[in-house]
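J.: Here is the input, now give the coordinates:
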Amino acid sequence: MKATRQHYKAWLETLEWSHTATIRTNYKMKPHIVNKFCDIILKQHSAVDMIFYTIENDKDFMGNHAHLLIRQDRATPLSLESKKPFAVPYYEYITDKSAITTYTTKYLDYGIDYDLIIR
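T.: Next up is the predicted model:
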């Protein structure tokens, strides 16, 4: 049986995500670029132990961005501002796990890139 977006959404909802973020660069991101960003976060922030991401195209298909689900100790602030060449236009606590997993996985059935990075 092929895993679908609904399977991933249901599975992601079972995990304890604390934050969500969106990252961008000045060029189209590939999985190895997002993995590099995640590696930087994991090395610099011991409170983060897991990141799931999806890469989706912008509406004009000229660029793209990545949506991240992050599991970290809520008591530990995370600074993402200085992770050049990445821009982080959105970084927030998750208040509705169902809504954010729906949003993060919305294009999984269309062959977008995604990954789960665990410390």
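
J.: make it CA atoms for all contacts and neighbour counts henceforth
T.: OK.

J.: Mind listing the strands the helix or strand of the chain with the lowest mean pLDDT pairs with, and their directions?
T.: The helix or strand of the chain with the lowest confidence, counting by mean pLDDT, DSSP states H and E, is strand 87-93 at a mean of 88. Strand 87-93 has the following strand partners under DSSP bridges: strand 19-24 (antiparallel).

J.: For the partner strand, what does the pLDDT average out to?
T.: For strand 19-24, mean pLDDT is 93.

J.: who does the very next helix or strand once past that strand touch, helix- and strand-wise?
T.: Next along the chain after strand 19-24, taking DSSP states H and E as the criterion, comes helix 31-44. For helix 31-44, the packing partners by 3 or more Cα pairs under 8 Å, 6 or more residues apart in numbering; DSSP states H and E come out as strand 48-57, strand 114-118.

J.: picking up where we left off before, tell me the angle whatever helix or strand comes next after the least confident helix or strand of the chain makes with strand 114-118.
T.: The element immediately downstream of strand 87-93 (helix or strand, assigned by DSSP H and E) is helix 97-104. Calculated by axes from the mean of the first three to the mean of the last three Cα atoms, to 10 degrees, helix 97-104 forms an angle of 130 degrees with strand 114-118.

J.: now the residue nearest to residue 108 when sequence neighbours are not counted: how far from residue 98?
T.: In this structure, residue 108 finds its nearest non-sequential neighbour in residue 5, 5.3 Å apart by Cα to Cα, 6 or more residues apart in numbering. Distance, residue 5 to residue 98, using Cα to Cα, to the nearest Å: 13 Å.

J.: of those two, who's got more company?
T.: Between residue 5 and residue 98, residue 5 has the larger neighbour count (other Cα atoms under 10 Å), namely 18 against 14.
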